[in-house]
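# sequence and predicted structure below; questions after.
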Amino acid sequence: MTDHRRPLVAGNWKMNGLQAALAEIDRIAAGYGEALKARADLLICPPATLIAAAVVRAGAALRIGGQDCHPQPSGAHTGDLSADMLKDAGASYVIVGHSERRADHGESDALVKSKAEAGLKAGLRVIVCVGETQAQRAAGQTLDVVGAQLSGSLPGGATADNLVIAYEPVWAIGSGLTPTVKDVAEVHGFIRAQLGKELAAARILYGGSVKPSNAADLMGVANVDGALVGGASLTARDFLAIAAVYAT
Ligand SMILES: O=C(CO)COP(=O)(O)O
């Protein structure tokens, strides 16, 4: 039986990375040693312009993914990319519903759900992001917000194998701030319960200012099955230092 909760350490490069950044893919692939391969999956989601080249450079073990996809497989949507195109370029995952897309592009839960369904249909694993803002946390609405995002954006057709949830508190992204381990445990436990029996073994990642210095504490929390890393995934050194939490 597949171990669906094999940890996943994923890097989201966001809008960072020119051709020269492919050297970091080489370094991550080279540093993804046997001990780590035995215990965890590694994924990098570079900008779309680098996906095809990154797939070639990544080799067999390191996975490459997209950061977004359009709900439709093709058509008159200038500037957009479909899940089929990501798959065609060699991607095996796609992130949907990142808070930066929800904020920058006004993405609703319904749109995120349709993107996630497109990803699954294309044969990609999908990482659905959820998380509260600082104001929502201060108002005691964290579980309500995360619960509503989950019920609104979970795709039909998901299994514990092809669905990954990323809990990313908006206020923790790029800020150097992180929730307490107690708060992470509360939200991850809540998400696990919300997923229900069929999806109970899906991986739930924590994201938001994950660094080599805090990775062991955050990854050690119950129901945390890995990380979605932004800034610290841009260098192989930091990304591998985070992933190394699982190598021992
Ligand atoms: O948004 C994130 C990953 O998707 C987290 O970003 P940082 O790790 O830079 O806080």
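Nice, I can see it. Residues are numbered from 1 along each chain as shown.
# ok, now which ones touch the residue of the chain at minimum distance from the ligand?
Nearest residue of the chain to the ligand: Gly230, at 2.2 Å (Cβ to the nearest ligand atom). C-beta coordinates here come from the backbone N, C-alpha and C atoms, glycine included. Applying Cβ atoms under 8 Å, 6 or more residues apart in numbering, we find Gly230 in contact with Gly11, Asn12, Lys14, Ile173, Gly174, Gly207.
# can you give me the distance of it to Ser175?
Using Cβ to Cβ, to the nearest Å, Gly230 is found at 11 Å from Ser175.
# what sits up against stretch 166-173?
With Cβ under 8 Å, 6+ apart, stretch 166-173 has contacts from 10, 95, 98-100, 103, 127-134, 137, 142, 146, 177-179, 184, 187-188, 191, 204-209, 228, 230.
# quick one, helices of the chain?
Using DSSP state H, the helices of the chain run over residues 22-31, 34-37, 51-58, 83-88, 99-104, 109-121, 134-138, 142-153, 181-195, 215-219, 236-243.
# okay if I get those helices as TSV plus distance to the ligand and mean pLDDT?
Listed next are those as TSV, based on distance: least, Cβ to the nearest ligand atom, whole Å; pLDDT from 0 to 100:
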stretch	distance to the ligand	mean pLDDT
helix 22-31	15	98
helix 34-37	20	96
helix 51-58	16	98
helix 83-88	17	98
helix 99-104	7	98
helix 109-121	14	98
helix 134-138	14	98
helix 142-153	15	98
helix 181-195	14	98
helix 215-219	11	98
helix 236-243	10	98
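# hang on, the earlier thing: look at the residue of the chain closest to the ligand and report its pLDDT.
Looking at Gly230, its pLDDT reads 98.
# ditto for His4
His4 carries a pLDDT value of 60.
# many thanks, we can stop here.
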